[in-house]
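Colleague: My questions are about this predicted structure, shown below with the sequence.
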Amino acid sequence: MSCGEHHDVDCSEILQRVYVFIDNELEDASTDEIRQHLEECAPCLDQYDLERSVKKLVGRCCGDEHAPDSLRAKILLRLTELRVEITTTD
Ligand SMILES: [Zn+2]
């Protein structure tokens, strides 16, 4: 995935680490790198928002953050569908 702009760090690399970033399990240096990238890159920020929404929903449903991958995937899929509906009806 690419937003067509040049960044110090590749978008795909950021997106791979954004899950860990949300969990606050990254070292400080990496956190800064990701935060800076998200400020510059709207597509990655979008993806980050989506991931955060999923995490929030999963946490609400299951009471903890260790939901099964299947549930997580289902929610992510649903959110993606919603997003598509929103953008196509606009
Ligand atoms: Zn990016």
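Modeller: Yep, that arrived.
Colleague: drop to CA atoms for contacts and neighbour counts, all remaining ones
Modeller: OK.
Colleague: Show the low-confidence segments of the chain, by residue range.
Modeller: In the prediction, the chain carries residues with pLDDT under 70 at positions 1-6, 61-67, 86, 88-90.
Colleague: Tell me which residue in it sits closest to the ion.
Modeller: Proximity to the ion, evaluated over the chain using Cα to the ion, is greatest for Cys11 at 3.8 Å.
Colleague: need the helices for this protein, in chain order.
Modeller: Remark: helices assigned in the chain by DSSP state H are 11-22, 28-40, 42-62, 69-89.
Colleague: Can you name every helix or strand that the third one contacts?
Modeller: Read it as helix 42-62. helix 11-22, helix 28-40, helix 69-89 (3 or more Cα pairs under 8 Å, 6 or more residues apart in numbering; DSSP states H and E).
Colleague: Okay, buried residues for the longest one please.
Modeller: Buried residues in helix 69-89, counting neighbours by 16 or more other Cα atoms under 10 Å, are found at Arg72, Ile75, Leu76, Leu79.
Colleague: What of the shortest one?
Modeller: Taking 16+ other Cα under 10 Å as the neighbour-count basis, helix 11-22 is seen to contain the buried residues Cys11, Ile14, Leu15, Arg17, Val18, Tyr19, Phe21.
Colleague: what about the residue nearest to His7 when sequence neighbours are not counted, how many residues close to it?
Modeller: Spatial nearest neighbour of His7, excluding adjacent residues (Cα to Cα, 6 or more residues apart in numbering): His37 at 7.3 Å. His37 has 19 neighbours, counted by other Cα atoms under 10 Å.
Colleague: if I look at His37, how far off is Ser53?
Modeller: His37 is 19 Å from Ser53, where distance means Cα to Cα, to the nearest Å.
Colleague: residues contacting the most centrally placed residue in the chain?
Modeller: By Cα atoms, centre = their mean, the chain has its centre lying nearest to Tyr48, at 2.8 Å. Residues near Tyr48 by Cα atoms under 8 Å, 6 or more residues apart in numbering: Leu15, Val18.
Colleague: 10 Å instead, please
Modeller: Ile14, Leu15, Val18, Tyr19, Phe21, Ile22, Leu38, Ala42, Val54 (Cα atoms under 10 Å, 6 or more residues apart in numbering).
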